[in-house]
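Peer 1: Kindly return the folded structure for what I paste below:
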Amino acid sequence: MNTGMEQENEVKKEKSVEKVVPSPIEKLLDHVVHKTLGPVVPKWMSPNMVTGIGALGGAIGIVFALLSRIHPLFLIGTCFGILTHLVCDNLDGFVARERNMGSNRGAYFDLLTDILHITYLLIALTFAGVMHWYMTIFMVPVYGLIIFTSMNEIHYLNRFSFPAVGPAETHLFFIAIMVGSMITSCKVLLTLWGIDFTFGDLVCLVGGFPLYVEMIRLQITVYLRIRKKDKEAEEKRKAESEEQNEA
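Peer 2: Next up, the predicted model:
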């Protein structure tokens, strides 16, 4: 009986995804959220339910972003939506690990809601005039490619490396855009070569480049690790083939 349980535990260890968090802000958020909210999550609530609450909060924030076309103060609602999504995005993984309820379905749902939230938030902010369409085109691919790379790292390497500029920084980045846009009333602050820049545009321009650098670094790192794993697998197959031939 004990042997069976030990084997089951070993299988779970092999299947568990290694989580690497280089960001100090992300680590601080982990500590605060896990210590304060983790213990009060109801026993009946699954990790996917927590993810769903975060997605709902993010969707409500997007609606408020659209309404900011009427008045910039609606962006206050967007800030609360972003914070709800951020907290739940952190909390769902904690619940999954603590209750041994992790699943591939949950990981997929989590990353899918992340990319949908950021993409449609950017579209809503563009519609509301918080930022221009050229900044949206500049920002949408980078976050999508980071999520794509993370999904492949989980699939091929059973590992999830949080970007150095991770989810916490990204959410705070958007909150900074909301606050600054409310203060400046979404007005054009700068015009260069005939191109207008609002506060949101300027933040995206300055903050977007580190995201692109991190995206490129993450893609190269994951590719090299997958290539190394393929080489090791190939060497193992050759060694097994030689042993069979010798036998």
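
Peer 1: low-confidence ranges in the chain?
Peer 2: 1-22, 162-165, 247 (pLDDT under 70).

Peer 1: Let's see that with 80 instead.
Peer 2: 1-27, 101-108, 111, 143-144, 147, 150-151, 154-155, 158-167, 242-243, 245-247 (pLDDT under 80).

Peer 1: so where do the strands sit in it?
Peer 2: 18-20, 159-161, 188-192, 195-198 (DSSP state E).

Peer 1: would CSV of the ones you listed with distance to E246 and mean neighbour count be doable?
Peer 2: For every residue, glycine as well, the C-beta is placed using N, CA and C. Shown next, in CSV, are those (distance: least, CB to CB, whole Å; neighbours: other CB atoms under 10 Å):
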stretch, distance to E246, mean neighbour count
strand 18-20, 36, 11
strand 159-161, 35, 17
strand 188-192, 71, 11
strand 195-198, 69, 17
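
Peer 1: Figure out which of the ones you listed is closest to I137.
Peer 2: I137 lies closest to strand 195-198 among these, at 12.9 Å (CB to CB).

Peer 1: tell me what the helix ranked longest in the chain is packed against?
Peer 2: Identified as the longest helix of the chain according to DSSP state H is helix 199-246. Applying 3 or more CB pairs under 8 Å, 6 or more residues apart in numbering; DSSP states H and E, we find helix 199-246 packed against helix 133-157, strand 159-161, helix 167-184, strand 188-192.

Peer 1: which one of those is the most hemmed in?
Peer 2: helix 167-184 (a mean of 20; mean count of other CB atoms under 10 Å).
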